[in-house]
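Enquirer: predicted model and sequence below, questions to follow.
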Amino acid sequence: MRLTILGGGGFRVPLVYHALLGDHGPGRITDVMLYDTDRTRLAAIGAVLRQQAAAATDPPAVTETTDLDEALRGADFIFSAIRVGGLDGRTVDERVALGLGVLGQETVGAGGIAYGLRTLPVAAKIAQRIAAVAPDAWTINFTNPAGMVTEAMLPFLGDRVIGICDSPSGLGRRAASALGVDPATAFYDYAGLNHLGWLRAIRSDGVDRLPDLLQSSEALSSFEEGRLFGADWLRSIGSIPNEYLHYYYFARETLNAVSAVRQTRGAFLLDQQSTFYAETGQHPDQALELWQKTRAERESTYMVESREIADAGERDERDMAAGGYEQVALSLMRAIGHNERASLILNVRNRGVLRHLDDDAVVEIPCTVDANGALPVTVSQLTDHQAGLVCSVKAVERTTIAAAASGSRDAAVRAFAWHPLVDSVTVARELLDGYVDQLPDLGYLRG
């Protein structure tokens, strides 16, 4: 089987290839096509993958191209992992927002909207080419903001596009382990949107074990989200939020912490990865070693400001171990490609599961996956608080999609103004003006 990775020069691509190297089952991926518009990045990641393959038995063949149609033709699965505007764009997302006193995280709030506005037109064009060149392929969307981008691709690809994120599965795995429950056998009652969901139950042998977890301060303090939100708050809301909800529940503290640091997260990654790609170009024989060193530093500094606010300490090594989104993607491919029934938390159409949203709204929810694709399963309904936040952010996502499709400045302003972390129409207008001035990809929104 053949896998095409769009954004094949991206830093996290070797994680996907590493997962493929461990798959020796029948019908596995035997060919990987890397597509990117940046030849330098493509060559660097190609060198990393070749060095990963050197120690493996019968590794998947790797090919690189800058021709989109060539990349798509003959693909069984397509991973979309593009970053329109690169990390330079992410630094602008953060800097403009912070300059106006609001958070600019890349998928949450103003930064996520700006990221979406420049990504969605490109994602829609890619979806159209997939429909034309590889209509039978399954598209697995990693591109952030993942839920928004997946929903924008649906009109062209239907249910053959599925969004993935490793945050929900990672949360479930950590919470189950804290209870001494085998993560592979538990059912996670999780629901919401991408980077905006809650774990409401952990069922093992038919029994919900989440109340036991919430009662144990020791167990809660043993994993990332328990330390991040604190036992008192988790008991108060009766659930465990996705880590990204820290930006909502502790917005002021996070804004103050992010504003006080010398470098934003985007600026840090830009410096770090620019160094990696430059050094790999100079020393291609050391590509894998350089990548591993850079990745370790990247993972250890993830959400550092939020952890400092919560006094959560250093990231647990178990949280940094491989087994994130690349394993979710591998499980999804095997379930579809070989009709191996699996239960995964994915970004798919709601299909009536959550009554506060319409059928076509993309939600993040447990699904049963087989050769027919992903079908959401019944979960408990959102509470009033959860539904209020989810519906507000879904309105923002859809207005952002509409703005990207129509080029409407008014729609773009509404998207910024309606977000819960942007508290002013005036600021919303200033955000749009600031982003349009500094991001060439948003030229279509000029007045």
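Expert: Now that the structure is in, tell me what you want to look at. Numbers count the residues shown, from 1 in each chain.
Enquirer: just checking, Thr185 is part of a strand?
Expert: No: under DSSP: H, G, I helix; E, B strand; the rest coil, Thr185 falls outside any strand and is assigned coil.
Enquirer: and it, what does it touch?
Expert: Applying Cβ atoms under 8 Å, 6 or more residues apart in numbering to Thr185 gives the contacts Ser204. Glycine gets a C-beta too; all of them are placed from N, C-alpha and C.
Enquirer: try it again at 10 Å.
Expert: Each residue near Thr185 by Cβ atoms under 10 Å, 6 or more residues apart in numbering is listed here: Ala176, Arg203, Ser204, Asp205.
Enquirer: got phi/psi on the nearest residue to Gly8 once chain neighbours are set aside?
Expert: Distances taken as Cβ to Cβ, 6 or more residues apart in numbering place Leu34 nearest to Gly8, at 2.7 Å, with adjacent residues excluded. Note on Leu34: its backbone torsions stand at phi -100, psi 130 [degrees, to the nearest 10].
Enquirer: residue contacts, Leu34?
Expert: Contact partners of Leu34, counting by Cβ under 10 Å, 6+ apart, are 3-10, 13, 17, 41-43, 45-46, 49, 62-66, 71.
Enquirer: so is Gln381 in a helix, a strand, or just coil?
Expert: coil.
Enquirer: burial count for it?
Expert: 14 (other Cβ atoms under 10 Å).
Enquirer: I'd say it and Ile365 touch.
Expert: No: at 11.7 Å, Gln381 does not count as touching Ile365 under the criterion of Cβ atoms under 10 Å.
Enquirer: can you get me a residue count around the nearest residue to Gln105 once chain neighbours are set aside?
Expert: Leaving out its chain neighbours, the residue that sits closest to Gln105 by Cβ to Cβ, 6+ apart is Gly111, at 5.2 Å. The number of residues packed near Gly111 is 30, by other Cβ under 10 Å.
Enquirer: show me the contacts of Leu34 that map onto helices.
Expert: Val13, Tyr17, Arg41, Leu42, Ala43, Ile45, Gly46, Leu49, Ala71 (DSSP state H).
Enquirer: Tyr277 is in contact with the third one, correct?
Expert: Yes: Arg41 is within contact range of Tyr277, at 5.9 Å (criterion: Cβ under 10 Å).
Enquirer: the more surrounded of these two?
Expert: The neighbour count for Arg41 versus Tyr277, taken as other Cβ under 10 Å, is higher for Arg41 (23 against 19).
Enquirer: report pLDDT for that one.
Expert: Looking at Arg41, its pLDDT reads 94.
Enquirer: contact partners for it?
Expert: By Cβ under 10 Å, 6+ apart, the residues touching Arg41 are 7-11, 13, 34, 86, 273, 276-277, 280-281.
Enquirer: try 7 Å
Expert: Contact analysis of Arg41 by Cβ atoms under 7 Å, 6 or more residues apart in numbering lists Gly9, Tyr277.
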